[in-house]
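S.K.: dropping a prediction and its sequence here:
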Amino acid sequence: MKAPVIAIVIPCYNEQEALPITASTLLKLLDSMQSEGLIDPASYVMCSNDGSRDSTWQVITELHAADQRIKGISLAHNRGHQYALLAGLMEVKDHCDAAVSIDADLQDDPAAIREMVKAYLDGKEIVYGVRSNRDTDTWFKRNTAHAFYSFQKSMGLDTVYDHADYRLMSARALNLLSAYGESNLFLRGIIPQIGLDTAIVTYSRAARVAGESKYPLKKMLSFSIDGITSFSARPMRWIFTVGLVLLIIDLIVGGYVMYSHFFRETISGWASIMLSVWFLGSLILIAIGIVGEYIGKIFTEVKGRPRYALRDKLID
Ligand code: UDP
Ligand code: MG
């Protein structure tokens with residue numbers, strides 16, 4: 001296989017402090033991989049500016065002037081990490097053999113890119129960067145992140161554990177990704193659905209090189225809820241289950257109410273109200289659950305996701 005053109009895609013939001021360091025680290029890495037013959041000299045870095053309020057775009061422009069291998073696109077306003085990343089990936093998909101996405105703060109060890117490229121040369125088309133530890137994250141960040149993974153899994157969302165958006169994707173994988181037209185973007189959920197041959201590369205996560213985290217708890221929480229509600233109708237199915245469980249409890253309560261009504265002193269009207277409240281309550285939940293099943297179907301239909309993906313063709 002000929003040495004591939006690699007595009008490194010970086011979403012950048014208010015990263016003026018981190019970007020110069022990140023760019024020079026990545027350029028050095030490209031140089032060394034190129035001298036080893038691993039990648040094509042035309043490989044480059046694509047910075048996707050997510051409507052930054054500081055001078056990030058200015059920094060990107062200066063970096064581009066100094067070295068043409070630093071390229072950039074700039075979103076019209078702050079649209080969020082996932083969209084900035086997707087914009088970068090879609091920009092490079094027809095101009096590279098494979099793209100690696102990495103955060104601007106280099107918390108994800110860039111040395112793993114070499115391993116990812118090697119896996120790509122071995123025929124893998126999606127290579128996930130997975131953290132081997134989170135020692136440098138705060139106790140709070142580490143535990144909330146793990147709680148989110150477990151919660152998402154229990155809600156029926158299939159993601160790669162401890163993998164954020166640090167990954168390599170071949171041009172073919174990027175083209176398959178472009179067929180997903182959904183507007184609630186949760187790349188970590190979509191990409192495992194693409195298929196193709198995958199591999200995992202582990203690395204240890206470092207502290208931010210400069211600047212502050214742009215993912216406070218509030219954003220993490222809404223990101224996690226977005227992930228679940230974009231991929232799973234399971235919460236709606238739970239309504240039905242709760243209704244069924246209540247119906248069973250209803251039988252026990254009903255027995256107790258009847259017993260009290262006939263063999264003990266009760267206020268008149270109590271038994272009939274008790275019976276109808278419990279019975280109607282469970283019936284309503286079951287009915288909502290059934291409606292939920294249909295809404296779940298609508299939800300997958302409107303997303304218009306590709307129904308299958310082709311790996312190869314042999315037709316003429
Ligand atoms: N980011 C972005 N748009 C946003 C928030 C963040 O493009 O609205 C980028 C940010 O510049 C960085 C990456 O997403 O490259 C991850 O953000 P950060 O490192 O702040 O998150 P953390 O690692 O703390 O979860
Ligand atoms: Mg970070």
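M.R.: It's in. Residues are numbered from 1 along each chain as shown. Ligands and ions are numbered 1, 2, ... in the order given.
S.K.: burial count for R131?
M.R.: Other residues near R131 come to 22 when the count uses other Cβ atoms under 10 Å. Using the backbone N, CA and C atoms, a C-beta is placed for each residue, glycine as well.
S.K.: with Y256 instead?
M.R.: Residues lying near Y256 (other Cβ under 10 Å) number 11.
S.K.: which SS class is it?
M.R.: helix (DSSP: H, G, I helix; E, B strand; the rest coil).
S.K.: so how far is ligand 2 from it?
M.R.: Distance of Y256 to ligand 2, given as Cβ to the ion, to the nearest Å: 56 Å.
S.K.: count the neighbours of R69 for me.
M.R.: Neighbours of R69 (other Cβ under 10 Å): 20.
S.K.: now L26
M.R.: Quick note: L26 (other Cβ under 10 Å) scores 22 neighbours.
S.K.: what comes up buried for the helix or strand hosting it?
M.R.: For L26, the host element (DSSP states H and E) is helix 18-35. Buried residues in helix 18-35, counted by 16 or more other Cβ atoms under 10 Å: 18-23, 26-27, 29-30, 33-34.
S.K.: does any part of it sit near ligand 2?
M.R.: No: Helix 18-35 lies out of reach of ligand 2 by Cβ under 5 Å from the ion, never closer than 9.0 Å.
S.K.: what does that helix rub up against?
M.R.: Under the contact criterion Cβ atoms under 8 Å, 6 or more residues apart in numbering, helix 18-35 has outside partners 3, 6, 8, 10, 12, 15, 39-41, 43-45, 47, 56, 59-60, 63, 67, 69-70, 102, 104-106, 110-111, 113-114, 117, 208-211.
S.K.: filter those down to the ones near ligand 1?
M.R.: 12, 15, 104-105 (Cβ under 6 Å from any ligand atom).
S.K.: and the helix or strand following the helix holding L26 with helix 18-35, angle?
M.R.: Next along the chain after helix 18-35, taking DSSP H and E as the criterion, comes strand 44-49. Compare the direction of strand 44-49 with that of helix 18-35 by axes from the mean of the first three to the mean of the last three Cα atoms, to 10 degrees and you get 160 degrees.
S.K.: C-terminal to strand 44-49, what's the next element?
M.R.: helix 56-66.
S.K.: in that following helix, what counts as buried?
M.R.: Buried residues in helix 56-66, counting neighbours by 16+ other Cβ under 10 Å, are found at 56-57, 59-61, 63-64.
S.K.: would you list these in a markdown table and tack on pLDDT and distance to ligand 2?
M.R.: Shown next, in a markdown table, are these (pLDDT from 0 to 100; distance: Cβ to the ion, whole Å):
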| residue | pLDDT | distance to ligand 2 |
| --- | --- | --- |
| T56 | 95 | 15 |
| W57 | 96 | 20 |
| V59 | 96 | 17 |
| I60 | 96 | 18 |
| T61 | 96 | 23 |
| L63 | 96 | 20 |
| H64 | 96 | 23 |
